[in-house]
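Trainee: no letters, just coordinates:
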């Protein structure tokens, strides 16, 4: 199996001198091509910081992060934006869609920025929107569609450039339960049918149960790991709840 992401002894500190907070404390793990990994932990466990350093939004204090063998901790600032465009896809909790553009235009924008052949853009947008079940809303604007449809648009935008890695930050946080379930199924389909490699940070055990592997963080360290294997999603969900209980936090913090 091809190693897409290699996290090697990373650390992240905030503050200075006598007031230092260690947000990430010597974390190492690998993500392989086609995996769908969830990262869980209570507030303050380090999961958002981990996502930020992998996405190059923040920098590590020590250690290295490799994406397909390229050390992203050594990319200079003037090349970071280009690196993100060409290698990473993002799904945010708040959609980050442009209300002045149609759904079609929001998805196509990712291709335009990457200088895709203009003659191929329409076909690419229609193909991915069909796979995610939003082909019938392409002419509408974000304010005219539901939250779940907006998130599937965000999914289409995230994957349309065939990124090496998709990073999802609490993707169901702003959705009702029905829309959340539809979105999670879409993300699962992206992983299984489109071979997308996905790393998803979530508080929610139900959301995490759609992943194939879960990393649990506590105090900036990896506390535990669960692999779904042949288990049903319900069995995996119950295992996730058991680990969250062992973490010692209030389960209301992780929903």
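Mentor: On my side now, so go ahead. These numbers come from a predicted model, not from an experiment.
Trainee: endpoints of stretch 139-158, how far apart?
Mentor: Distance across stretch 139-158, first residue to last, is 19 Å (CA to CA, to the nearest Å).
Trainee: what comes into contact with that stretch?
Mentor: 89-92, 95-104, 106-107, 109-110, 125, 128-129, 132-134, 137, 166, 168, 171-172, 174-176, 178-180, 182-183, 186-187, 190 (CB atoms under 8 Å, 6 or more residues apart in numbering). C-beta: built from backbone N, CA, C; applies to glycine.
Trainee: generate a ChimeraX selection restricted to the buried subset of those residues.
Mentor: Per 16 or more other CB atoms under 10 Å, the buried members of these correspond to this ChimeraX selection:
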select :89,90,91,92,95,97,102,103,104,106,107,109,110,125,128,129,132,133,134,137,166,168,171,172,175,179,180,182,183,186,187,190
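Trainee: show me the contacts of stretch 139-158 that map onto strands.
Mentor: Judged by DSSP state E, strands contain the following of these: 89, 90, 91, 166, 168.
Trainee: how many neighbours does residue 33 have?
Mentor: Residues near residue 33, counting by other CB atoms under 10 Å, number 15.
Trainee: what's the closest non-adjacent residue to it?
Mentor: Leaving out its chain neighbours, the residue that sits closest to residue 33 by CB to CB, 6 or more residues apart in numbering is residue 2, at 4.1 Å.
Trainee: test my guess that the one you found contacts residue 32.
Mentor: Yes: between residue 2 and residue 32 there is a contact under CB atoms under 8 Å: 6.4 Å.
Trainee: mind checking the SS state of residue 12?
Mentor: strand (DSSP: H, G, I helix; E, B strand; the rest coil).
Trainee: confirm for me that it is in contact with residue 24.
Mentor: Yes: if you go by CB under 8 Å, residue 12 and residue 24 touch, sitting 4.0 Å apart.
Trainee: shared neighbours of those two, anything?
Mentor: 46, 49, 53, 60, 220.
Trainee: in helices, which of the residues you listed fall?
Mentor: 49, 53 (DSSP state H).
Trainee: what's the closest of the shared contacts of residue 12 and residue 24 to residue 80?
Mentor: Residue 80 has its nearest neighbour among these in residue 53, at 12.3 Å by CB to CB.
Trainee: what about that closest one, how many neighbours?
Mentor: Residue 53: 24 neighbours (other CB under 10 Å).
Trainee: sorry, back to before: so residue 12 and residue 24 - more neighbours on which side?
Mentor: Here residue 12 and residue 24 are compared on neighbour count by other CB under 10 Å; more neighbours surround residue 24, at 26 against 22.
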